[in-house]
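Novice: let's see this in three dimensions:
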Amino acid sequence: MRAIRVASAALLGMTALTLAMPVAVAEGDGEHEPERNVTSFGFNVSPSTIAAGGRVSLSVNGCKKETKVSSGVFDTVTIRKGQSNASATVDWDARPGAVYEVTFQCGHESGHTDLTIAGGRPDDPTHPPTHHGVKAGVGGTAGGFDLGQIGLGTALIAGSVGAAYHWSRRRTGDQGG
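Specialist: A predicted model of the protein is given here:
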């Protein structure tokens, strides 16, 4: 009988912990969260960083229609139905360090990605391309710890464990008397 009470208390405590965790994980300030870009088809620009005048490879998969690829840094390209690749030449007057949006339009659905312009010109030894690190997200702990949320979570867990203990002890007293 005691094993059932201990298991019930442990289960209640774990349930409280599980229910409290998504609130702490899901809550964010929204400033550093990337925009969601979910489509029913896949798309890619390669390389994602290139010098002005360079050629990029545009690829799409899962699109059953003609795909239009457009950007402010190259002419619109059409990837015909049944094909998955095309290429585009980046304008020579693209600003080094600028980030341009590349839009893939498949039927009525569209998705976008970024294309970064590196410094220098291709095949120009006087202006070699500059390479920058990847554009990464902030990660899970970039905002630091919120002591208020930690305290609230601790209080909820302690309260649920205490309540489980109280109810398991009370039932024991009722049955014994």
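
Novice: what is the helix or strand containing residue 44 packed up against?
Specialist: Using DSSP states H and E, residue 44 sits within strand 42-46. In terms of contacts (3 or more CB pairs under 8 Å, 6 or more residues apart in numbering; DSSP states H and E), strand 42-46 is packed against strand 55-61, strand 109-118. Bear in mind the C-beta positions are built from the backbone N, C-alpha and C, glycine included.

Novice: what about the nearest residue to residue 15 once chain neighbours are set aside, which SS state?
Specialist: For residue 15, ignoring the flanking residues on the chain, the nearest one in space by CB to CB, 6 or more residues apart in numbering is residue 160 at 7.6 Å. For residue 160, the secondary-structure state derived from DSSP: H, G, I helix; E, B strand; the rest coil is helix.

Novice: how close does residue 160 get to residue 51?
Specialist: 59 Å (CB to CB, to the nearest Å).

Novice: show me which of the two is the more surrounded one.
Specialist: residue 51 (22 against 19; other CB atoms under 10 Å).

Novice: I figured that one hits residue 119, correct?
Specialist: Yes - if you go by CB atoms under 8 Å, residue 51 and residue 119 touch, sitting 7.3 Å apart.

Novice: now stretch 88-102: buried residues?
Specialist: Residues 88, 90, 91, 94, 100, 102 are the ones in stretch 88-102 that count as buried (16 or more other CB atoms under 10 Å).

Novice: closest to residue 78 out of those?
Specialist: residue 88 (10.7 Å; CB to CB).

Novice: doesn't that closest one lie inside a strand?
Specialist: Yes - assigned with three-state DSSP, residue 88 falls within a strand.
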